[in-house]
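Novice: fold the following, please.
(2 chains)
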Number of protein chains: 2
Amino acid sequence: MSVNELVEGIEARQVPALARAISMVENARDGYEALLSAIHARAGAAHRIGLTGPPGAGKSTLTERIIHAYRAEGHRVAVIAVDPTSPFTGGALLGDRIRMESVTLDPDVYIRSMATRGELGGTATTTREICDILDAFGFDRIIIETVGVGQSELSIAATADTVVLILVPESGDGVQALKAGVMEIADVYTINKADRPGADRLRQEIEVMLGIRRGNAYRHVAPHHHPTPAEGRKGGKAESGATGTDAWEPPVLATSALENQGIDELVHAIEDHATHLRTSGELESRRRARLARHTREVVDRTLRHLVWRDRDGEATLQNGLEAVAGGDVSPYELAQDILTGTQREDTNGR
Amino acid sequence: MSVNELVEGIEARQVPALARAISMVENARDGYEALLSAIHARAGAAHRIGLTGPPGAGKSTLTERIIHAYRAEGHRVAVIAVDPTSPFTGGALLGDRIRMESVTLDPDVYIRSMATRGELGGTATTTREICDILDAFGFDRIIIETVGVGQSELSIAATADTVVLILVPESGDGVQALKAGVMEIADVYTINKADRPGADRLRQEIEVMLGIRRGNAYRHVAPHHHPTPAEGRKGGKAESGATGTDAWEPPVLATSALENQGIDELVHAIEDHATHLRTSGELESRRRARLARHTREVVDRTLRHLVWRDRDGEATLQNGLEAVAGGDVSPYELAQDILTGTQREDTNGR
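Specialist: Have a look, this model is predicted:
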């Protein structure tokens, strides 16, 4: 299929065109940027939800429940599951995918796995592009599911409008990540498997930490501001001195995906956040910032492709490394060779 | 001073030329890459030591002790202190610098602070380049001191040949970083302020975690390998299935910088690691990998400078963002404008 045919197929909501377009972008095949350029104006209506948490937190089951809840409301739901390439967890994730059978026969649900290939910065860019395709196709809720609570998983989840962090009572990982400031970006927290021991304690720990964070924000930004009781209300809104807009206070929820408990509350919290983003004007500023970031990344990717792929820079590098290690050529001279696509065979000494 | 004069000044071991050369590189002033290119062949003799740990671990006092120990052996010692730009910690660090007075009058000791400016990837590249200048000048031991136990500080410390992690009994940060796999790269651990309560427990915790790490390494790499008692000896060498070379077992030491205790053992451990790197052939392979990484970073930096600085890409981006947000122009079209240096005033709608 040509780029034009794929664009027409997406406009006509044909699933084979969707699948091929995503593969084209995932593999950076010729014409993928022309395709993305052509569908740009059609994307922007969907709400994008990042869902992350440690392995075993029940993300896939929870995702399945969220899909059902959204379908009951008439939404069309797409899921991008960003799988780490690790062979150790790959099998388990595949198992999770299979368990999602209950929703895969629904034509208004689309689930797609995506490998990370270890290059995480690039993965965030590609994730954003696949979201654009799904958005242009007409899915109005897009879930980006990643495994982990580290900076790298988060950079992917952060391509979303709303970030949901899923924790479990057994796992101290999430709390440690919170302490390290990694998960401060989450908009909604949920403790899944909340019937297990330790759920209440974990919830309190998270609330205390979020409280500390707010305290810090007040201290640095508006030292003379005293929150009113209304501002302190969970899930409510507090005036923030930082932006002049209503601040969102991340709710800490409890769910049991297996028992199908707390799902409606979780979906409502996500939708509340979506409403908050719209009414506060934050959605527009966030999306504009995302477009700026995306444009910068496209520029840098184009340059990297030009040098490292099209001009075979890595071969030039390996070819000249002996001379650099020997002191005959400097890294700066070799860098110039790579930039101009010049092979330096004579000085290699081989 | 011209680039040639600076190179001659460095060759003649003139401190003013050294200071100017470092400033030139730190600020990426015209000719800085020509300077670095010219001194490349003269660098490579120094052993580079990365020293990192949480704030308050006593890094500066320990650095001062290490300097004295190296001076007693006739070594010429340079220190690069990579300071975070945070205004909150800046003052404390300045205090640390002043306390280093006892060594600053020695002409064979050179101490230099370097700001990180928040762009940490770039800081690692610049740190490597300042090390090259100090190396070419004739310092044979270069200490790179960073504050913190996170990934970003570590990427700077990792520009060194030997990485030393300093922990204190009070701080759980280091252990949490270890758990998160961040500090697995350290070659030598020391518990400073080892006279305080909890030092023994922390040491045991670290040793257990290092033991677990080794166990994992064996499990993944050589499942049927059983370590012999000789391999298990601390500070000794174990056959690693991964590289085929002798593996280094990171020693866990105890120091008290204030009481001047354990310093000789720490310096011996660093020198043991230096010897290990040389005799195992790892030094050559590590330095070659470092030169390759540096060359790649120089290429990418040149491209970024070309587009974002010389062609004023950010102005083009901001200028076209309105049209991108409105759907009239795609990020890919704007990216092309940025790459070619074309302003898109007509479609901006302003």
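
Novice: flag every residue of the stretch 251-350 of chain A that's near chain B.
Specialist: Within reach of chain B by Cβ under 8 Å from any Cβ of the partner chain, the stretch 251-350 of chain A has these residues: A:284, A:287-288, A:291-292, A:294-296, A:298-300, A:302-304, A:307, A:313, A:317-318, A:321, A:324-325, A:327-328, A:330-335, A:338-339. Where C-beta positions appear, they are placed from N, C-alpha and C, glycine not excepted.

Novice: show the buried residues in the residues you listed.
Specialist: A:291-292, A:294-296, A:298-300, A:302-304, A:307, A:313, A:317, A:321, A:324-325, A:328, A:330-335, A:338-339 (16 or more other Cβ atoms under 10 Å in any protein chain shown).

Novice: please enumerate the strands of the stretch 101-250 of chain A.
Specialist: Ranges of strands within the stretch 101-250 of chain A are A:109-115, A:141-147, A:162-167, A:188-191, A:237-239, A:246-248, based on DSSP state E, counting those that start in this stretch.

Novice: any idea of the mean pLDDT for stretch A:297-312?
Specialist: Across stretch A:297-312, the average pLDDT comes to 88.

Novice: typo on my end, it should be stretch A:15-26
Specialist: Throughout stretch A:15-26, pLDDT has a mean value of 94.

Novice: where in the stretch 201-350 of chain A is pLDDT low?
Specialist: A:212-246, A:344-350 (pLDDT under 70).

Novice: where exactly do the helices run in the stretch 201-350 of chain A?
Specialist: Ranges of helices within the stretch 201-350 of chain A are A:229-232, A:263-280, A:282-304, A:313-325, A:331-340, based on DSSP state H, counting those that start in this stretch.

Novice: I misspoke; the intended subject was the stretch 51-200 of chain A.
Specialist: So, for the stretch 51-200 of chain A - with DSSP H, counting those that start in this stretch - the helices run A:59-72, A:87-99, A:101-104, A:120-137, A:151-157, A:173-179, A:199-221.

Novice: got the contact list for the nearest residue in space to A:Asp195 that is not next to it in sequence?
Specialist: Setting aside the residues directly before and after it, A:Asp195 is nearest to A:Ser256 in space (Cβ to Cβ, 6 or more residues apart in numbering or on different chains), at 5.5 Å. Contact partners of A:Ser256, counting by Cβ atoms under 8 Å, 6 or more residues apart in numbering or on different chains, are A:Asn192, A:Lys193, A:Ala194, A:Asp195, A:Gly262.

Novice: what do you get for A:Asp264?
Specialist: Applying Cβ under 8 Å, 6+ apart, we find A:Asp264 in contact with A:Ala69.

Novice: sorry, back to before: ok, and the most crowded of the contacts of A:Ser256?
Specialist: Among those, the one with the most neighbours (other Cβ atoms under 10 Å in any protein chain shown) is A:Asn192, at 27 neighbours.

Novice: how near is it to chain B?
Specialist: Distance, A:Asn192 to chain B, by Cβ to the nearest Cβ, to the nearest Å: 22 Å.

Novice: then A:Ala78?
Specialist: From A:Ala78 over to chain B the distance is 20 Å, taken as Cβ to the nearest Cβ.

Novice: thought A:Ile191 was touching A:Leu167?
Specialist: Yes. Assessed by Cβ atoms under 8 Å, A:Ile191 is found in contact with A:Leu167 at 5.4 Å.

Novice: identify the contacts common to the two.
Specialist: Common neighbours of A:Ile191 and A:Leu167 (Cβ under 8 Å, 6+ apart) are A:Leu202, A:Ile206.

Novice: let me see the contact set for A:Ile67.
Specialist: A:Ile67 is in contact with A:Val77, A:Val79, A:Val103, A:Val109, A:Ile143, counting by Cβ under 8 Å, 6+ apart.

Novice: for it, give its distance to chain B.
Specialist: A:Ile67 sits at a distance of 28 Å from chain B (criterion: Cβ to the nearest Cβ).

Novice: gap between that residue and B:Gly50?
Specialist: A:Ile67 sits 48 Å away from B:Gly50, going by Cβ to Cβ, to the nearest Å.

Novice: A:Asp328 contacts B:His40, doesn't it?
Specialist: No. The criterion here is Cβ under 8 Å, and A:Asp328 misses it with B:His40 at 9.4 Å.

Novice: need the residues of the stretch 1-150 of chain A near chain B, please.
Specialist: Where the stretch 1-150 of chain A comes near chain B, counting by Cβ under 8 Å from any Cβ, the residues are A:Glu33, A:Ala34, A:Leu36, A:Ser37, A:Ala38, A:His40, A:Ala41, A:Gly44, A:Gly150.

Novice: ok, of those residues, which come out buried?
Specialist: A:Glu33, A:Leu36, A:Ser37, A:Ala38, A:His40, A:Gly150.

Novice: list the ones among those that fall in helices.
Specialist: Of these, the ones assigned to helices by DSSP state H are A:Glu33, A:Leu36, A:Ser37, A:Ala38.

Novice: any idea how many residues pack against the closest residue to the second one other than its chain neighbours?
Specialist: Sequence neighbours aside, A:Glu129 is the residue nearest to A:Leu36 in space, at 5.6 Å (criterion: Cβ to Cβ, 6+ apart). Taking other Cβ under 10 Å as the criterion, the count of residues near A:Glu129 is 27.

Novice: residues of stretch A:256-271 that come out buried?
Specialist: A:Ser256, A:Ala257, A:Gln261, A:Gly262, A:Ile263, A:Leu266, A:Val267, A:Ala269, A:Ile270, A:Glu271.
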